[in-house]
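K.L.:
Quick one, fold the following:
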Amino acid sequence: MTTDVNAPRKYRSTKRAMQAKTTRLHLLSAAWTLFTERGYVATTVAQIAHAAGTSVDTLYEAVGRKPVLLRQVVESAISGSDQTIPAERRDYVRRIRETPDAATKFQIYAAAIAAMSPRTAPIFMALRDAARTDPDCAALHKEISTRRATNMLLFAADLRLTGALRPDLSDEVIGDIVWATAGAEHYTQLVDSRGWSAERFGDYLYEMWSRLFLASPGTPLDQGRVPGRP
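P.N.:
Here you go, the predicted structure:
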């Protein structure tokens, strides 16, 4: 019987990796909370480290300096994990591209927006506010906004392949409308200011996009009824 002399070393390495991942998750969570509650400019790395139960040196080692930390928090909110996940690798994007039906594509994406907006909208709004005075935040805000617009144009092009869209609306117009209506500002107005639930917001997006963009959207909404309300 042979003994793997490297087993203890592998165990220690695995344990360190798990501890590093846990520390990173705690830092990202603490940063999300402080950035969204106090604002990016008013939050210090010392406050984030303290809230995460670690040191500033560990914060720098695990994530990076404050601008890098904000980027990681934003990317984490988008992906729903501690790592950046490109749009084409996200589960809901794969399901959108696999379904042949335009209405179902709207339904999948609206549900995804409803699921992610409670974590993305607050940090996007914090980023937008910080972008007014901080150059690093301004650059990141522009990058994220442009990336979203590009992805919305790809979404519109994918929808066009179904043959179900109104011919009088270009992909650019559809992409811009989806970009605006699925954005953090729109979500914040209806959910935070008007008391809608995230689920109601998703239902509203699905119905609105279907009515606006499909050549044959089906039965019109009841006059005076707000989508998602009884």
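K.L.:
residues in contact with the residue nearest to the spatial centre of the chain?
P.N.:
Among the residues of the chain, the one closest to the centroid is Ile78, at 2.9 Å (Cα atoms, centre = their mean). Residues near Ile78 by Cβ atoms under 8 Å, 6 or more residues apart in numbering: 84-85, 116, 120. Using the backbone N, CA and C atoms, a C-beta is placed for each residue, glycine as well.
K.L.:
what do you get if the cut-off is 7 Å, keeping everything else the same?
P.N.:
By Cβ atoms under 7 Å, 6 or more residues apart in numbering, the contact set of Ile78 is 116, 120.
K.L.:
quick one: which helix or strand includes it?
P.N.:
Assigning secondary structure by DSSP states H and E places Ile78 in helix 66-79.
K.L.:
what mean pLDDT does that helix have?
P.N.:
Taken as a whole, helix 66-79 has a mean pLDDT of 93.
K.L.:
Follow the chain on from it and name the next helix or strand.
P.N.:
helix 91-98.
K.L.:
Tell me how far that following helix lies from the chain's centre.
P.N.:
Once both centres are worked out by Cα atoms, centre = their mean, to the nearest Å, helix 91-98 turns out to sit 16 Å from its chain's centre.
K.L.:
same for it, what does it pack against?
P.N.:
helix 102-131 (3 or more Cβ pairs under 7 Å, 6 or more residues apart in numbering; DSSP states H and E).
K.L.:
Now with 10 Å, please.
P.N.:
Packing partners of helix 91-98 (3 or more Cβ pairs under 10 Å, 6 or more residues apart in numbering; DSSP states H and E): helix 102-131, helix 135-160.
K.L.:
returning to that earlier point: report the backbone C-alpha coordinates of the helix holding Ile78 in PDB.
P.N.:
Output of helix 66-79 as PDB, limited to C-alpha atoms (Å, rounded to 0.1, in the frame of the first residue of the first chain):
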ATOM      1  CA  LYS A  66     -10.800  50.900  -4.300                       C
ATOM      2  CA  PRO A  67     -11.500  51.400  -8.000                       C
ATOM      3  CA  VAL A  68     -10.700  47.800  -8.700                       C
ATOM      4  CA  LEU A  69     -12.900  46.800  -5.800                       C
ATOM      5  CA  LEU A  70     -15.800  48.800  -7.200                       C
ATOM      6  CA  ARG A  71     -15.400  47.100 -10.600                       C
ATOM      7  CA  GLN A  72     -15.400  43.700  -9.000                       C
ATOM      8  CA  VAL A  73     -18.500  44.500  -7.000                       C
ATOM      9  CA  VAL A  74     -20.300  45.600 -10.100                       C
ATOM     10  CA  GLU A  75     -19.200  42.500 -12.100                       C
ATOM     11  CA  SER A  76     -20.100  40.300  -9.100                       C
ATOM     12  CA  ALA A  77     -23.600  41.800  -9.000                       C
ATOM     13  CA  ILE A  78     -24.100  41.200 -12.700                       C
ATOM     14  CA  SER A  79     -22.900  37.600 -12.700                       C
END
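K.L.:
Identify each buried residue in it, please.
P.N.:
For helix 66-79, a neighbour-count test (16 or more other Cβ atoms under 10 Å) marks 66-67, 69-79 as buried.
K.L.:
How about the contacts made by Leu28?
P.N.:
48, 52, 62-63, 69, 72-73, 75-77, 81-82 (Cβ atoms under 10 Å, 6 or more residues apart in numbering).
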